[in-house]
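Undergrad: Give me coordinates for this.
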Amino acid sequence: MSRPVAWVLALLLGCQTNPYCVDCASAPATRPDAAGAPGGDGGGGGVDGCTAVEICNAVDDNCNGLTDDGDMEGVGASCGSDVGVCVSGITECLDGTIVCGDSLVVARAEECNNLDDDCNGTTDNGDPGGGATCGSDVGNCAKGVLSCLAGVVTCVGAVGPQAEACNTQDDDCDGLIDEGNPSGGAPCLPPGTCVAGTLVCQGGGLVCVGASPASPESCDGVDNDCDGDTDEDFDLMNDSTHCGDCDTRCMIPNGQAGCVAGQCAIAFCQSDWWDLNMDPVDGCEYSCQLRGTEICNGEDDDCDGATDDGLVPPPLCSSIGECAGGSASCGGAAGWSCSYPPTVQTDASGGIVPESSCDGLDEDCDGVSDDPFLPTLGQPCSRGSGACMTTGSMVCNATMDGVECSAPAPGTGQAEACNGVDDDCDDQTDEGAPDEWVPITGAFGPRWIYKYEASRPDASASAAGVMTHRSCSAAARLPWTNVTYLEAQAACATVAGRLCTEAEWQRACETSASTPCLWSYATGCDTFAAGTCNGNDYDFDPGTPGDQDGMLPTGALASCHADWGSAQDRVFDLSGNAKEWAEARSAGVNPLRGGSYNNTANGTSCPFDFVVGDDTFLFENVGFRCCRDTPP
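TA: So this is what the prediction gives:
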């Protein structure tokens, strides 16, 4: 058979190194590995010296390196008790001693709980928790003894408190006898009485207290005459001597007392005394001599407690101007007076004082505001002149004692322009205003001609204007038309000029003596080009069906000009737009050159000179331009 490792080690090392080995020669004869025992070597001292059986002794009896291991005698047997609350267990080896382990419940001291706590087979034995006294011995109560009954500690033999009875005993054991009137409180009516009494516990018995015999009825809340009614002979709702109850007697100062629905009231007041606050406590508290309907006199005529109340003011106050909202007020003995807003001033007698302030208010209520400042107030006014002028109206000044012009401070002037405005604010219009002139040359020598057809100073692109004090040469204005020869001549004189001679006019249109232009075109001037200038072929209003003719502002067609050099030296609208007066050929024979917006191609050419007019002729398509001999 195989040997344990420990045995082999013991064989090799001997018992010197194993403290648990026992010399087999000294082993008891009863051990299995002793001499002569089964498995031994029979000669006293085994082959290996360690063949003992393991027992529970905290020793490695079988020399296998483990203590108290394996099956041992006395280990694994049933132990303990299953009686009562106890539960049995199994024996086990613990620290070299066999003990009872795995027990679920063990015996404990007995308690009063209807269980066998000490596991002796008897429940609650020994009267656990019992033996002490319990309860009270005050009054009718008696003490008992505590005892364990059916698992509960109970006071046995005690006498407890009872409801108190009328018996001169302390039934409820509180140290008091017959307290709280036990069994009493009920009404009682002994023979010969009509007023019930009340049962009262006295001397251990019930006694009727408070009963009385019949008597005449009194106002006291008792049925004195025993007829079943209480105080039936007294009218507590209307009797002022017993008002509401038997103890209230109504007293009214300065008047007669009454009783209404059980409350003291005033039946009437003495003469010249009045009840205003409706309080019977102070009675008729107000002294007043009645005079009649209330009037404004500082007196309480109707004795209602208010002086001059409820009055309707008479129509004696003005409601005009600042007096609107004013009202008449009663001044007591002084009578009626008018009260006006603070803007209305009155004198000592209440009369309205004439106004003296310029503030837009009608303070004297005459329907007119600021009377002393009329008619100047509100009139138009201005400051400065010309373009610098500002306008406004005459208004009240800041101190409200006069008027001033509301126009802003005038501006500063600028260079004069030909526009019908006093630009430099010197009270002169268009004086020295520059015009646009173009220098031309010819057999006649150097000349200067208007760059544009003449226009009035106040003309614009949409209006021809009305001013005639001078002519202007400026772009984007409707020409000055419907003008006679003499009027045109006078207009040119205003700019130190004159009407152009036909030679000057035609030379300006043709631009060159060697290859003269036939039309006043910027380019291609020797060939007619429809629409380049405003002639009959130009549609003035493309939005309307058909060919519409009309006057255009000066310089409106950019290519309709005679080019004399730079962009500044261009003469516009010599062909078309407005016919232009030229210097008279003779008295009353005044040529018209250049044609107008309703003339055909030939009539708008530079050399066309067939049209003349007398000194009185004018038409809406007839205008002019000026020339001069000296530089502008």
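
Undergrad: Return the backbone torsion pair for G565.
TA: phi 130, psi -110 (degrees, to the nearest 10).

Undergrad: again, but for A508
TA: Backbone torsions for A508, taken as degrees, to the nearest 10, come to phi -60, psi -40.

Undergrad: Strands along the stretch 351-500 of the chain, start to end?
TA: Applying DSSP state E, counting those that start in this stretch to the stretch 351-500 of the chain gives strands spanning 380-383, 390-396, 403-405, 437-440, 447-450, 498-499.

Undergrad: Columns distance to A529 and mean pLDDT on top of those strands, output as CSV?
TA: The way it works is simple: take the backbone N, C-alpha and C, and place the C-beta from them, glycine included. Shown next, in CSV, are the strands of the stretch 351-500 of the chain (distance: least, CB to CB, whole Å; pLDDT from 0 to 100):
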stretch, distance to A529, mean pLDDT
strand 380-383, 52, 90
strand 390-396, 50, 90
strand 403-405, 58, 91
strand 437-440, 22, 97
strand 447-450, 23, 98
strand 498-499, 29, 98
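
Undergrad: wait, which of these is closest to N536?
TA: strand 447-450 (23.9 Å; CB to CB).

Undergrad: May I have that closest one as CSV, with CA atoms only?
TA: Provided in CSV are the C-alpha atoms of strand 447-450 (Å, rounded to 0.1, in the frame of the first residue of the first chain):
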residue,chain,number,x,y,z
ARG,A,447,-18.0,137.7,-80.4
TRP,A,448,-19.7,136.0,-77.4
ILE,A,449,-23.1,134.2,-77.7
TYR,A,450,-25.4,132.6,-75.1
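
Undergrad: from the middle of its chain, how far away would that strand be?
TA: 76 Å (CA atoms, centre = their mean, to the nearest Å).

Undergrad: if we can go back for a sec, so which of the strands of the stretch 351-500 of the chain is the most surrounded?
TA: Ranked by mean neighbour count, the strands of the stretch 351-500 of the chain are led by strand 447-450 with a mean of 24 (mean count of other CB atoms under 10 Å).

Undergrad: packing partners for it?
TA: strand 437-440, helix 502-510, strand 626-628 (3 or more CB pairs under 8 Å, 6 or more residues apart in numbering; DSSP states H and E).

Undergrad: List of residues touching it?
TA: Applying CB atoms under 8 Å, 6 or more residues apart in numbering, the contact partners of strand 447-450 are 435-441, 473, 497, 500, 504-505, 508, 571, 625-632.

Undergrad: What pLDDT is listed against A334?
TA: We have a pLDDT of 82 for A334.

Undergrad: How many neighbouring residues does it have?
TA: By the measure other CB atoms under 10 Å, the count of residues near A334 is 10.

Undergrad: and G255, which of the strands of the stretch 351-500 of the chain is closest to it?
TA: Here strand 390-396 is closest among these (CB to CB), at 66.7 Å.

Undergrad: picking that back up, can you list the strands of the stretch 351-500 of the chain in a markdown table and add distance to N621?
TA: A markdown table is the format used below for these (distance: least, CB to CB, whole Å):
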| stretch | distance to N621 |
| --- | --- |
| strand 380-383 | 39 |
| strand 390-396 | 38 |
| strand 403-405 | 46 |
| strand 437-440 | 23 |
| strand 447-450 | 18 |
| strand 498-499 | 17 |
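
Undergrad: can you tell which of these is closest to D220?
TA: Counting by CB to CB, D220 lies closest to strand 390-396 out of these; the figure is 89.4 Å.

Undergrad: distance between the closest one and the chain's centre?
TA: For strand 390-396 - counting by CA atoms, centre = their mean - the centre lies 45 Å from the chain centre.

Undergrad: Kindly report the same for stretch 365-380.
TA: 48 Å.

Undergrad: One more: stretch 258-274?
TA: Remark: stretch 258-274 is offset 59 Å from the chain centroid, using CA atoms, centre = their mean.

Undergrad: buried residues in that stretch?
TA: Using 16 or more other CB atoms under 10 Å as the burial criterion, the residues of stretch 258-274 that qualify are 258-259, 264-266, 269, 273-274.

Undergrad: for stretch 512-520, same thing?
TA: 517-520.
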